[in-house]
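*Asks:* let's see this in three dimensions:
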Amino acid sequence: MKITEIKTFICNAYRTNWVFVKVLTDQPGLYGVGEATLEYKEQTIVQACMELERDLKGKDPRNIEAIWHDSYRDAYWRGGPVLMSAISAIDIALWDILGKDLGVPVWRLIGGEVRDRVPCYANGWFVPAKTPEEFGEKAAEAVKNGFRALKWDPFGSAWRYLDPPHFKEAIRCVEKVYEAAQGKTEILIEGHGRFDLPTATRIAHALEPFNILWFEEPIVPDTMEALADFRSRVRVPIAFGERLYGANSFRTLLESRAADYIQPDVSHAGGITELKKIAALAWTHQIPMCPHNPSGPVANAATLQLAASTPNFMFLETMASDVPWRNEICDENVIIEDGSMLIPDRPGIGVDINEEEIKKHPYIPTGLRHYKGTLTEIQPKESKKYY
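*Replies:* Below is the predicted model:
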């Protein structure tokens, strides 16, 4: 079996643009799909995939480890989000090919099944809340819908420092969601890498009464030593890792004792191949893995394969709702029961994309909303619920 072509597709998803990859083979009808939704660098990632195609044509797609290693080695300028996302998407597609070729789900090939469903925490449940009261109302709805945890960013447009009025408003927002949760669901505070060390420390101390599951990306994510310093100063648990790439970066994170939960993204950190290694590293440190997973349906499907076969996989991040055409551009079948997403047993990663439907939603440039006060404006009014 040989790789014959790599195709890429950009599909607008309102809040971002999904980037899908299809790896074709010389076997009729046998191909694999992957995802590398690298926010705001969509066209760059497409070019990176095309550059990898030159070396991959003619190779046996079933030699997944060799292809991963050679793609990383031969780039020379290793690491970083663009190369690693391109490798990730192709890696996912290769596992998809192998599973389809053997007629089994990928989780069967990477260790077998340790669970047939995985607890979910919700992202996007808050749309379009702005005030603490509105966040509280949205949280009450999400709790009724059975999610095991709710994550959101209560910090508006803050960058590095949070002044007294906005500090008070953010903590009040947390209080309203905490009241709505009524001890029935965990609450997770998203920091989006906003704050300097003293500001994040003050916020962490203020969050202690709310018994949060974690404070995610609390400080500007450029210095591992600063994160470790921060963790040593506070009592709330810390989650980190969505902007790390490859097992070596996570080894440094774990050995620095800088986080209580790690969050590798299957579409950026190295694909299924590398996330299995990252999970094993975390296992040796007794650290749960809760992958970053707010992207599209192919990334979600790949993450589910890892959830099925990884003992220290704790929570699946999922969008509570998304653009209405999500189910039109793919054959995803999301089933959530009692706050857990069921893991499919279809061959491969369990999802396929529809090229013709994707063409109906072409690339539209979007920008980062995090520091503009528009972070909750991530879905159109006609967005579809997935619970």
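*Asks:* so how far is stretch 49-68 from its chain's centroid?
*Replies:* Stretch 49-68 sits 24 Å away from the centroid of its parent chain (CA atoms, centre = their mean, to the nearest Å).
*Asks:* so for that stretch, mean pLDDT?
*Replies:* Stretch 49-68 comes out with an average pLDDT of 97.
*Asks:* now do the end-to-end distance for that stretch.
*Replies:* Distance between the two ends of stretch 49-68: 13 Å, counting by CA to CA, to the nearest Å.
*Asks:* how about the spatially closest residue to Leu188 that is not a sequence neighbour, what does it touch?
*Replies:* In space, and not counting its chain neighbours, Leu188 is closest to Lys151: 3.8 Å by CB to CB, 6 or more residues apart in numbering. Just so you know, the C-beta spots here come from the backbone N, C-alpha and C atoms, and that holds for glycine as well. Taking CB atoms under 8 Å, 6 or more residues apart in numbering as the criterion, Lys151 is in contact with 121-123, 187-190, 216, 317.
*Asks:* kindly indicate which of the residues you listed lies nearest Asn63.
*Replies:* Nearest to Asn63 among these: Glu317, at 31.0 Å, using CB to CB.
*Asks:* how close does that closest one sit to Pro128?
*Replies:* Using CB to CB, to the nearest Å, we find Glu317 at a distance of 20 Å from Pro128.
*Asks:* those two: who's more crowded?
*Replies:* Using other CB atoms under 10 Å, the more surrounded residue of Glu317 and Pro128 is Glu317, with 23 against 13.
*Asks:* middle-most residue in this protein, spatially?
*Replies:* In the chain, the centroid-proximal residue (CA atoms, centre = their mean) is Asn293; its distance is 2.1 Å.
*Asks:* wait, doesn't that one sit right on Asn300?
*Replies:* Yes. Asn293 is within contact range of Asn300, at 6.1 Å (criterion: CB atoms under 8 Å).
*Asks:* which residues do these two both contact?
*Replies:* In contact with both Asn293 and Asn300: Thr318, using CB under 8 Å, 6+ apart.
*Asks:* which residue packs closest to Ala307, ignoring adjacent ones?
*Replies:* Val118 (4.0 Å).
*Asks:* that neighbour is in contact with Leu304, isn't it?
*Replies:* Yes. Using CB under 8 Å, Val118 makes contact with Leu304 at a distance of 7.1 Å.
*Asks:* looking at the two, which one has more neighbours?
*Replies:* Leu304 (28 against 23).
*Asks:* enumerate every residue touching that one.
*Replies:* By CB under 8 Å, 6+ apart, the contact list for Leu304 reads 107, 118, 316, 341, 343-344, 349-350.
*Asks:* quick check: it is in a helix.
*Replies:* Yes. With DSSP: H, G, I helix; E, B strand; the rest coil as the criterion, Leu304 is part of a helix.
*Asks:* ok, back up a step: helix, strand, or coil at the residue nearest to Ala307?
*Replies:* strand.
*Asks:* again with Leu83
*Replies:* Assignment for Leu83 (three-state DSSP): helix.
*Asks:* ok, it - contacts?
*Replies:* So Leu83 contacts 48, 72, 75, 77 (CB under 8 Å, 6+ apart).
*Asks:* what segments of the stretch 51-200 of the chain are helices?
*Replies:* 64-73, 81-102, 106-109, 132-144, 164-181, 197-207 (DSSP state H, counting those that start in this stretch).
*Asks:* name the residues that touch the first one?
*Replies:* Outside helix 64-73, the residues within contact range by CB under 8 Å, 6+ apart are 52, 55-56, 59, 61, 78, 83, 87, 90-91, 94-95, 98, 270-271, 273-274.
*Asks:* same question, stretch 358-375
*Replies:* Contacts of stretch 358-375 (CB under 8 Å, 6+ apart): 9-17, 20, 39-40, 42-43, 153, 156-159, 192, 194, 325, 328-329, 377-378.
*Asks:* cool, and stretch 108-119?
*Replies:* Contacts for stretch 108-119 (CB under 8 Å, 6+ apart): 95, 98-99, 102, 107, 148-149, 272, 276, 304-311, 313-316, 337, 339-343.
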